[in-house]
Every structure is written in structure tokens, then in C-alpha cells.
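K.L.:
Provided below for reference: sequence and predicted model.
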Amino acid sequence: MSDMMTSVKKAIGTATAVTATLMLAACGTGGEIEAGQAAVVDGVVITEADLQESTSQLNTVLGQPITPATALQTAITAPSIEKAFTDAGVLISDEALVAELQGSGVPTPNDITIDVARVIRYTTVLQDPALRPAPRALR
């Protein structure tokens, strides 16, 4: 197995574990949620307006609709997933994502849209058949 495949598989395991932890922790990481806020994660406020804008932007480019709840959940887990893949040597730059989103009809994607697009790109990496283990024969 190549070093790249091994690194990406390790990143998958790390991203899965960190995502589960973050999903549990995100419920209480920033204190009280105030009017107009969708979430506060590690002190960063995600406003309902930004979330709605992102949902609209994502629905412009995706083949199927995304809900605000799914966009929020994905955005919350994006930093840990990005770190796992970056540590494995797989980097998808903001510039590349912005260019792709702009080419798909979103002239000024917001941070949530970029984060969700990054997770979608990493999911595409995971679906690469070269990264899947060979099936084992039944014994």
C-alpha cells in the first residue's frame, strides 16, 4: 500500500473520531446562544443569517438540496476533518474552493460555504477506489 493511501486512511480514522467528539462538544462550547445566532463553536459565532446565506449558496451548486442543519453540522466538523487530511498531506486550498464555487455560480461564497465545500471535496477523496482496501476472500 502506498504511503499516500496509508496516510489518507489514517486521516479517515482520525477525522471520524474527532468529528464524533466535536459533535458532542459543539453543543456546549460557547456559552449561551443569543437571538440571531445559529451556534457558537470555540467562541466563534455562526449567525443564522450566514447559515441561511450558505445554505442558499450550497443549494446553487449541489445536485441535491442541503438543509441549514446539515450545513451547520458539516461546518462545525470541517476544521477537524481538514486537520486530519492536511496532516496526511492532502490539502485543498481556500483559493481552489472559492474558484470552484465562483465557477458554479456563487460569486462570493461565505466561510460556511467554503468549509462545507471542503468537506465535500475530502469526501470525494475518500471515494477514490485506489484508497479502498482490496476485498478479502471469505474463509
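P.N.:
In hand now; what should we look at?

K.L.:
which residues touch the residue nearest to the spatial centre of the chain?
P.N.:
By Cα atoms, centre = their mean, the mean C-alpha position of the chain lies nearest to Val119, the distance being 2.8 Å. When contacts are counted by Cβ atoms under 8 Å, 6 or more residues apart in numbering, Val119 touches 74, 77-78, 81-82. C-betas here are computed from N, CA, C, even on glycine.

K.L.:
just grab the bridge partners of Val40 for me.
P.N.:
When bridges are assigned using DSSP bridges, the partners listed for Val40 are Val45.

K.L.:
isn't it up against Leu72?
P.N.:
No. Counting by Cβ atoms under 8 Å, no contact exists between Val40 and Leu72, whose distance comes to 11.6 Å.

K.L.:
now stretch 64-79: buried residues?
P.N.:
66, 68, 71-79 (16 or more other Cβ atoms under 10 Å).

K.L.:
typed the wrong thing, it's stretch 50-57
P.N.:
For stretch 50-57, burial by neighbour count (16+ other Cβ under 10 Å) applies to 50-51, 53-55, 57.

K.L.:
what do you get for stretch 99-107?
P.N.:
Those buried within stretch 99-107 under the rule 16+ other Cβ under 10 Å are 100-101, 106.

K.L.:
and those as JSON lines, adding secondary structure?
P.N.:
Formatted as JSON lines, the buried residues of stretch 99-107 follow (DSSP: H, G, I helix; E, B strand; the rest coil):
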{"residue": "Glu100", "secondary structure": "helix"}
{"residue": "Leu101", "secondary structure": "helix"}
{"residue": "Val106", "secondary structure": "coil"}
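
K.L.:
now tabulate these in CSV and tack on distance to Val45 and pLDDT.
P.N.:
Shown next, in CSV, are the buried residues of stretch 99-107 (distance: Cβ to Cβ, whole Å; pLDDT from 0 to 100):
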residue, distance to Val45, pLDDT
Glu100, 27, 95
Leu101, 23, 96
Val106, 22, 96
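
K.L.:
which member of those is positioned nearest Gly89?
P.N.:
Nearest to Gly89, judged by Cβ to Cβ, of those is Glu100 at 20.6 Å.
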